[in-house]
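> Make a model of this:
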Amino acid sequence: MKVSRRQMVARSAALAACGLATPYFSTAGAETRTQPRSKNDQFGIGTIGMRYQGSVIAEKARLHGPIVAIADVDRHVREQARASFGSTPAIYEDYRKVLDRKDVDVVLIATPDHWHTQMLLDACRAGKDVYIEKPLTLTINEGKQLLPVVQETGRIVQVGSWQRSDWQFRLAVELVRAGRLGKLRKVSCITGPNPSGGPFVERPVPGHLNWDLWQGQTMAVPYIEERCHYTFRWWYEYSGGKVTDWGAHDIDIAQWAINEYPATIEGQAQLPQVPHGYNVATQFQAVVRYPSGVILEIGDGGRQGTMFEGELGRIFVNRGVLSGAPVEQLADDPLPRERYQAYDFDDLTCPNRTGKLDAIVSHMANFFHCVRQRRQPISDVKSQHRSVSTCHLANIAMRLGRPLKWDAAREQFLGDNEADEWLQRQQRKGFEIA
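Residues are numbered from 1 along each chain as shown. Prediction:
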């Protein structure tokens, strides 16, 4: 889109005025409590992004404290959200106003994927503990930026891949790790197909929406209603389609059980060529191979869920079913009763991999419990970075259409500079992640 010099000057002035052209550092976190709270303490909760999933997680979080501040770039959304919480929270267009508040201890982030990393970085630097929706990142390099900041700031971060807290998925993983399938050979993840659509009509930007701020790091384009809100998922600029949207659930469960990082990836996809239309793959499949020889197959067609196959049988799990001979055999041969802490279950060096996971009643409750105890939650940043990296690797292989070798220790491709370029995305000037 062509932009006149006058428009460019106006935009630069606006960015400078609100500080978006420079890295954001809040001083509010200096007084934020880091010591464990008593179980009766209430948290001041700030929310960023209140459309769809944002309102869902806010309802769950309000059991642990009041919603005191709301941010959303859509005025209609933020006003409706405030009304649903008794008209008491303060509302803002700029999310950093929430981070500046000293009465905000915990922040919920439920924006489109392309804003996750910068908002999480800013929240951690502001001294806030964070519950952030999945997928954690838009690119692999974003995850590499996140890890040291989360560690250095000491913040507790829970990613909303809530299947880790569901007993069916957790039991499936326990059975695999306990050797009930014998040697694991293959895992299949069916995420379901991406929708197709377009061409869509360019429209004037609604007066209640800050479209420039919504786009953030992505390249500025004319407003198309279908790019925004829920359907952002089907545009590669802002997401990764079903591979990251559902993969952050099902591929995460697969990799949790496999307990390794990828070695090679190959894939293929049918990419739509509709101008001004959805551009994530309409048909896709990928194969990920791990050092032990386990194969992870990812596809769009078939029964949605995760299938584990080993030398002794199979286990299938999705949000409605947990089935397979090893599951039926639990009646006569239950798993050992020894327990170990859930937050150790993702440690690849953990010596005890056969004990039963501690029960988790609620993914959100696990987050607040870990905030009080200053312990890592079940869906921590490190494990989720690795899981969503596998999703990103699959998308990259599909788009390049050739086998790729992955160096998991260095988190880059082996001898493939072209593939390495896909570890990041071009970022719009003034919105670079820092």
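> Helices of the stretch 151-300 of the chain, start to end?
Along the stretch 151-300 of the chain, counting by DSSP state H, counting those that start in this stretch, helices occupy 167-177, 211-215, 242-245, 247-258.
> pLDDT value on the closest residue to G49 other than its chain neighbours, please?
Excluding the flanking residues, the one nearest G49 by CB to CB, 6 or more residues apart in numbering is T111, at 3.6 Å. (C-beta placed from N, C-alpha, C; glycine too.) Looking at T111, its pLDDT is 98.
> ok so, going back, quick one, which of the helices of the stretch 151-300 of the chain is nearest to M50?
If you check each of those against M50 by CB to CB, helix 211-215 wins as the nearest, at 13.2 Å.
> and the closest one, C-alpha only, in PDB?
Extracted C-alpha coordinates of helix 211-215, given in PDB (Å, rounded to 0.1, in the frame of the first residue of the first chain):
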ATOM      1  CA  TRP A 211      -6.200  -1.000  12.900                       C
ATOM      2  CA  ASP A 212      -2.600   0.300  12.800                       C
ATOM      3  CA  LEU A 213      -2.000  -0.900  16.300                       C
ATOM      4  CA  TRP A 214      -3.800  -4.200  15.700                       C
ATOM      5  CA  GLN A 215      -1.400  -5.000  12.900                       C
END
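> contacting residues around it?
11, 20, 73-74, 93-94, 112, 205, 220-221, 223, 228, 428 (CB atoms under 8 Å, 6 or more residues apart in numbering).
> and the longest helix for this protein?
Taking DSSP state H as the criterion, the chain has its longest helix at helix 381-400.
> which helices and strands sit right next to it?
Applying 3 or more CB pairs under 8 Å, 6 or more residues apart in numbering; DSSP states H and E, one finds that helix 381-400 contacts helix 140-153, strand 157-159, helix 242-245, helix 247-258, strand 264-270, strand 283-289, strand 404-407, helix 417-420.
> for those, which one sits closest to G198?
strand 264-270 (15.0 Å).
> Pull the number of nearby residues for N259.
Neighbour count of N259, defined by other CB atoms under 10 Å: 19.
> from memory it sits against R177, does it?
Yes - counting by CB atoms under 8 Å, R177 is a contact partner of N259 at 6.8 Å.
> Make sure R62 is indeed in a strand.
No - secondary structure of R62 (DSSP: H, G, I helix; E, B strand; the rest coil): helix, not part of a strand.
> hang on, the earlier thing: how about the helices and strands packed on helix 381-400 in JSON lines, adding mean neighbour count and mean pLDDT?
As requested, the helices and strands packed on helix 381-400 are exported to JSON lines (neighbours: other CB atoms under 10 Å; pLDDT from 0 to 100):
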{"stretch": "helix 140-153", "mean neighbour count": "18", "mean pLDDT": "98"}
{"stretch": "strand 157-159", "mean neighbour count": "29", "mean pLDDT": "98"}
{"stretch": "helix 242-245", "mean neighbour count": "25", "mean pLDDT": "98"}
{"stretch": "helix 247-258", "mean neighbour count": "26", "mean pLDDT": "97"}
{"stretch": "strand 264-270", "mean neighbour count": "19", "mean pLDDT": "97"}
{"stretch": "strand 283-289", "mean neighbour count": "21", "mean pLDDT": "97"}
{"stretch": "strand 404-407", "mean neighbour count": "18", "mean pLDDT": "98"}
{"stretch": "helix 417-420", "mean neighbour count": "14", "mean pLDDT": "97"}
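> Show me the one of these that comes nearest T191.
helix 242-245 (4.2 Å).
> Widest-spaced pair of the contacts of helix 211-215?
The most widely separated members of those are D94 and V221, with 21.6 Å between them, by CB to CB.
> Show me the shaky parts of the stretch 1-150 of the chain.
Scanning the stretch 1-150 of the chain for pLDDT under 70 picks out the ranges 1-40.
> Tell me how many other residues crowd the nearest residue to R227 once chain neighbours are set aside.
Nearest residue to R227 in three dimensions, chain neighbours excluded: W235, at 5.7 Å (CB to CB, 6+ apart). When neighbours are counted by other CB under 10 Å, W235 registers 21.
> Please apply the same query to D166.
D166 is flanked by 17 other residues according to other CB under 10 Å.
> Can you give me the distance of the closest residue to it other than its chain neighbours to Q53?
Leaving out its chain neighbours, the residue that sits closest to D166 by CB to CB, 6+ apart is R319, at 7.7 Å. To Q53, R319 is 16 Å away according to CB to CB, to the nearest Å.
> and L400, how many residues sit next to it?
L400 - counted by other CB under 10 Å - has 19 other residues nearby.
> what's it in contact with, if anything?
L400 is in contact with E418, A419, W422, counting by CB under 8 Å, 6+ apart.
> Kindly present these as CSV, with separate columns for distance to F308.
Output for the contacts of L400, formatted as CSV (distance: CB to CB, whole Å):
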residue, distance to F308
E418, 34
A419, 29
W422, 29
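> For the closest residue to G293 other than its chain neighbours, the count of nearby residues, please.
Closest residue in space to G293, ignoring its immediate chain neighbours: R185 at 7.6 Å, by CB to CB, 6+ apart. R185 has 15 neighbours, counted by other CB under 10 Å.
> isn't R185 right next to E311, touching?
Yes - between R185 and E311 there is a contact under CB under 8 Å: 6.7 Å.
> Touching, L335 and V173? I think so.
No - using CB under 8 Å, L335 is not in contact with V173, being 11.4 Å away.
> Reformat the helices and strands packed on helix 381-400 into TSV and put distance to L63 next to each item.
What follows is the helices and strands packed on helix 381-400, written out as TSV (distance: least, CB to CB, whole Å):
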stretch	distance to L63
helix 140-153	25
strand 157-159	15
helix 242-245	26
helix 247-258	23
strand 264-270	41
strand 283-289	38
strand 404-407	41
helix 417-420	44
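> Of all these, which one is nearest A81?
When these are ranked by proximity to A81, the top entry is strand 157-159, at 20.9 Å, counting by CB to CB.
> quick one: the nearest residue to G143 once chain neighbours are set aside from F431, how far?
Leaving aside its sequence neighbours, G143 sits nearest to H385 (CB to CB, 6+ apart; 3.7 Å). For H385, the distance to F431 (CB to CB) stands at 21 Å.
> which SS class is L330?
Three-state assignment for L330 (three-state DSSP): helix.
> who's in contact with it?
The contact partners of L330, taken as CB under 8 Å, 6+ apart, are L175.
> One more: V159?
Shown in contact with V159 (CB under 8 Å, 6+ apart): I132, E133, K134, L136, A248, S379, D380, V381, Q384.
> again, only using 6 Å
Counting by CB atoms under 6 Å, 6 or more residues apart in numbering, V159 touches I132, K134, L136, S379, Q384.
> Alright, I will stop here.
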